[in-house]
Every structure is written in C-alpha cells, then in structure tokens.
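*Asks:* when you get a sec, could you give me coordinates for this:
(2 chains)
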Amino acid sequence: GQQVMQIPQYQHVQEGEDFTTYCNSSTTLSNIQWYKQRPGGHPVFLIQLVKSGEVKKQKRLTFQFGEAKKNSSLHITATQTTDVGTYFCAGHQGAQKLVFGQGTRLTINP
Amino acid sequence: DVKVTQSSRYLVKRTGEKVFLECVQDMDHENMFWYRQDPGLGLRLIYFSYDVKMKEKGDIPEGYSVSREKKERFSLILESASTNQTSMYLCAAFSNTEAFFGQGTRLTVV
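*Replies:* As a prediction, the model looks like this:
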C-alpha cells in the first residue's frame, strides 16, 4: 500500500500567515518531489530534492529533504491567495515507481 | 514543455462495461503512470510502465489492466466497470526529474 504519508490533510490560514506541510516515508527515498494542484487543475511540478539534508528555496517557498532521506517539508512564508491549492510530495521507491502522499489542501482567508 | 493528453475530460459508463482511458505524450519519455485521485486519499498508483510492452502493478491494480504498444501511448482498461471505480484518473509521463500530468478524466460509473 501507499507508504508516503503527508500531514496535515487540510490547512486553513489567514493571508500573510505561514504554512508548512510534512511528508514521511517508511522507506528511504532516492529523491523527493513536490507538486501543486490548483482547484480544478492537475498536479504541476514544483521541485525535486535529491541530496540528504538538501534545502532549496523558490521565492517564499522553502523545501527540505531530511538527513535520512525519509522525510521532507514544504514551508510557505507569508501566504498569498495565489498559494491556494493542494500540495503533494512524491518519491521514487526503486528506480521507476513514483508514489505520492495524500496531499495537503491549503485554503486562505483573504 | 511536455504535453500529456488524455482522451476524455468527462466520461459516464454503466456498471459492467469495458472502459478504455487513453493517454498520449508528445515526448520520448519511457516512464508513464496511471493514478486515481479520490478525496482524502491523494494520488494512488494503479499501474506504471517503463518501456513499450512493459508494465508493473502499482498499489491498487485490482480491476484494472494497461496496454503500452507504442512508447507515446499508455492505456488504462477497466475490464468490467464498477461503481467504486468512479474517480478522477490522471495519467503522467516522467522525465528524469519531473512528472507531467494530463488534464485528468473524471469517470462516473452508474
């Protein structure tokens, strides 16, 4: 079964507040990816992390890959209404199998 | 950009029907995936393929089969549709770093 767990399932924030979603795998991942799905849309790739302990930033978004390569986080600073959507983590189990977390749905009060 | 096209956006089928969901990519990516998306469950992997005529079961293959006769086309088959297969189906093609998704097919089985 699915072995990539993501929390929380839902998060509602006031615009300007920070947001964090966490991803945990029961097995070591070769890499971790993050996707964003806008309401009514399909998942769109944000970033890939490969190295143990890696941290990457995209403007207000900070992505982190754990030292053991079993967990990851996405942090958004000072959310904006354009950040609304569902954020998914995904990891490769083995060479080809790409599995996704359950996603965190972010809603924002303007 | 890679384009992944799914044959139908919306589909309504009767219980017991054989259903074909088609997916075509316009790049030369070897890995292709079929997921279903249900509220609270995220993206669950049904089947994936890493080459022509090669296929691997994902986490929820029961009730489904796939076909990959050509590199660009990956078809999902519901042998005998049931109401619990009502869902959003997403096809993806994977490059070395990211998955490109189709727009999704919302299938309703009545």
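*Asks:* which residues in chain A form strands?
*Replies:* Using DSSP state E, the strands of chain A run over residues A:4-7, A:10-14, A:19-25, A:32-37, A:44-49, A:55-58, A:61-65, A:71-76, A:85-93, A:97-100, A:104-109.
*Asks:* return the residues in contact with the spatially most central residue of chain B.
*Replies:* What sits nearest the mean C-alpha location of chain B, by Cα atoms, centre = their mean, is residue B:34, with 3.2 Å. Shown in contact with residue B:34 (Cβ atoms under 8 Å, 6 or more residues apart in numbering or on different chains): B:21, B:23, B:45-48, B:58, B:64, B:66, B:74, B:76, B:89-91. Where you see a C-beta, it was placed from the backbone N, CA and C, and this is true even at glycine.
*Asks:* need those in CSV with neighbour count, can you?
*Replies:* What follows is the contacts of residue B:34, written out as CSV (neighbours: other Cβ atoms under 10 Å in any protein chain shown):
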residue, neighbour count
B:21, 22
B:23, 26
B:45, 23
B:46, 23
B:47, 23
B:48, 24
B:58, 21
B:64, 20
B:66, 22
B:74, 28
B:76, 23
B:89, 24
B:90, 26
B:91, 28
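*Asks:* now, those that are in helices?
*Replies:* Using DSSP state H, no member of the contacts of residue B:34 falls within helices.
*Asks:* which one of those residues is nearest residue B:8?
*Replies:* residue B:21 (7.3 Å; Cβ to Cβ).
*Asks:* so that closest one touches residue B:102, yeah?
*Replies:* No - using Cβ atoms under 8 Å, residue B:21 is not in contact with residue B:102, being 9.7 Å away.
*Asks:* between those two, which contacts overlap?
*Replies:* By Cβ under 8 Å, 6+ apart, the residues touching both residue B:21 and residue B:102 are B:6, B:91.
*Asks:* so where's chain A uncertain?
*Replies:* A:1-2 (pLDDT under 70).
*Asks:* what does it have sitting close to chain B?
*Replies:* Within chain A, the residues that sit near chain B (Cβ under 8 Å from any Cβ of the partner chain) are A:1-2, A:6, A:9, A:33, A:35, A:42-45, A:48, A:88, A:90, A:95-103.
*Asks:* and residue B:52, which of the strands of chain A is closest to it?
*Replies:* Residue B:52 sits nearest to strand A:97-100 of all these, at 18.1 Å, using Cβ to Cβ.
*Asks:* list the contacts of the nearest residue to residue A:12 once chain neighbours are set aside.
*Replies:* Using Cβ to Cβ, 6 or more residues apart in numbering or on different chains and skipping residues adjacent in sequence, the residue nearest residue A:12 is residue A:107, 4.8 Å away. Going by Cβ under 8 Å, 6+ apart, residue A:107 touches A:10, A:11, A:12, A:13, A:84.
*Asks:* quick one, which of the residues of chain A next to chain B are buried?
*Replies:* A:2, A:6, A:33, A:35, A:42-43, A:45, A:48, A:88, A:90, A:96-103 (16 or more other Cβ atoms under 10 Å in any protein chain shown).
*Asks:* residues contacting the closest residue to residue A:66 other than its chain neighbours?
*Replies:* The shortest distance from residue A:66 to any non-neighbouring residue, by Cβ to Cβ, 6+ apart, is to residue A:72 (6.3 Å). Listed by Cβ under 8 Å, 6+ apart, the contact partners of residue A:72 are A:22, A:23, A:32, A:34, A:49, A:63, A:64, A:65, A:66, A:89.
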